[in-house]
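Visitor: model the following, please.
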Amino acid sequence: MLDVRRLRVLSEISVHGSFSAAADVLALTQSAVSQHVAALEREVGLLLVERGTRPVQLTEAGSALVRHTTAVLARLDAAEEELAVIAGRRLGRLRFGCFPSMLSTLMPPAFARFRRLHPDVRLTVVDDHLHRLIPRLDDGELDLAVIYDHEALPDIAARDLVRTPLLDDRFRAVLPASHPLAHRETGLHLRDLRHEPWIGGAPSSAWYRIVRHACREAAFTPEAAFASDDYIAVQALVAAGLGVSVIPGLAAVHPLPDVAVRQLASGAPVRRISAAHPRDGHRGPALAAMIDSLRFAVTVVAA
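Guide: Sure thing, here's the model as predicted:
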């Protein structure tokens, strides 16, 4: 069994880039840090740190060990927190993750209600994209996260997480305000945009994978002239007349000037948004309270 103290030392070296900085953080001498690393290398039978580099670099084995150490330390931290809550020494905490378009629309009323009803819970919020929220849940860095899934994201749907459905977010077309299709009186269909230059996300982004899937269902492949995963930047490019796009409804709540937001009569993709937490994670009252506040916020906005 590897010594957790030594793993923590290696992790701090990785973060801070030197034995001396790790020693300061851990309130140890530099000699003690060196001894911990040497003992850990003897335990695993591999070199973990490249000596003589500035900043200190880890070997391949060291990097692999630190990757697992991050998850181990997060789990231990969560265990200490849960035991402290059970013993009555702490009132609880919640480490919460969310993607940007949800954070800027539905989360403010959810946070306000949560803070009003549970002022003593220590709430920390991580703003990140879907593909980075999931590993943080897996590693125990987050207790709860708002995520989404879609047929184009089978890797997300396959994750073993406890999910509470919140809402279906239907995508909308965003067009330059002067574009002829922005003034069409009859319904706008996704296929109507097939000959347009597109503003898209990075090819690997969840958003653009969803859009490409919907376009292929409509028998065409979008030709993206510009790529950005920032919905404000996408709207700015659309406003400049450089193309059209299809973005989640939550991302189109506050359109920029010179951007027309239109519902799609057919072909619009829909992402299913839910609150998710690990199946084996701590399910304390703070987690249940946040899920309740999320449901409240969805009801308020929908009304």
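Visitor: okay, the closest residue in space to residue 124 that isn't next to it in sequence: pLDDT?
Guide: Spatial nearest neighbour of residue 124, chain neighbours left out: residue 95 (5.1 Å); criterion: C-beta to C-beta, 6 or more residues apart in numbering. From N, CA and C alone the C-beta is placed, and that goes for glycine too. Taken from the predicted model, the pLDDT recorded for residue 95 is 91.
Visitor: so residue 95 makes contact with residue 143?
Guide: Yes. Using C-beta atoms under 8 Å, residue 95 makes contact with residue 143 at a distance of 4.8 Å.
Visitor: for the longest strand belonging to the chain, list the C-alpha coordinates in PDB.
Guide: In terms of residue count, the longest strand belonging to the chain (DSSP state E) is strand 161-176. Once non-C-alpha atoms are left out, strand 161-176 reads as follows in PDB (Å, rounded to 0.1, in the frame of the first residue of the first chain):
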ATOM      1  CA  LEU A 161     -23.900   8.700 -12.800                       C
ATOM      2  CA  VAL A 162     -27.000   9.300 -10.800                       C
ATOM      3  CA  ARG A 163     -28.900  11.900 -12.900                       C
ATOM      4  CA  THR A 164     -31.900  14.200 -12.000                       C
ATOM      5  CA  PRO A 165     -33.500  15.500 -15.300                       C
ATOM      6  CA  LEU A 166     -33.900  19.300 -15.200                       C
ATOM      7  CA  LEU A 167     -34.900  20.500 -18.700                       C
ATOM      8  CA  ASP A 168     -34.600  20.000 -22.400                       C
ATOM      9  CA  ASP A 169     -32.700  22.800 -24.100                       C
ATOM     10  CA  ARG A 170     -33.800  23.200 -27.700                       C
ATOM     11  CA  PHE A 171     -31.200  24.700 -30.100                       C
ATOM     12  CA  ARG A 172     -32.000  27.900 -32.000                       C
ATOM     13  CA  ALA A 173     -30.800  29.500 -35.200                       C
ATOM     14  CA  VAL A 174     -28.800  32.700 -34.900                       C
ATOM     15  CA  LEU A 175     -28.600  34.900 -38.100                       C
ATOM     16  CA  PRO A 176     -27.400  38.300 -39.000                       C
END
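Visitor: the chain: strands as residue ranges?
Guide: For the chain, the strands defined by DSSP E cover 49-50, 57-58, 93-98, 122-127, 144-149, 161-176, 188-189, 197-200, 223-227, 245-248, 259-262, 264-266, 270-278.
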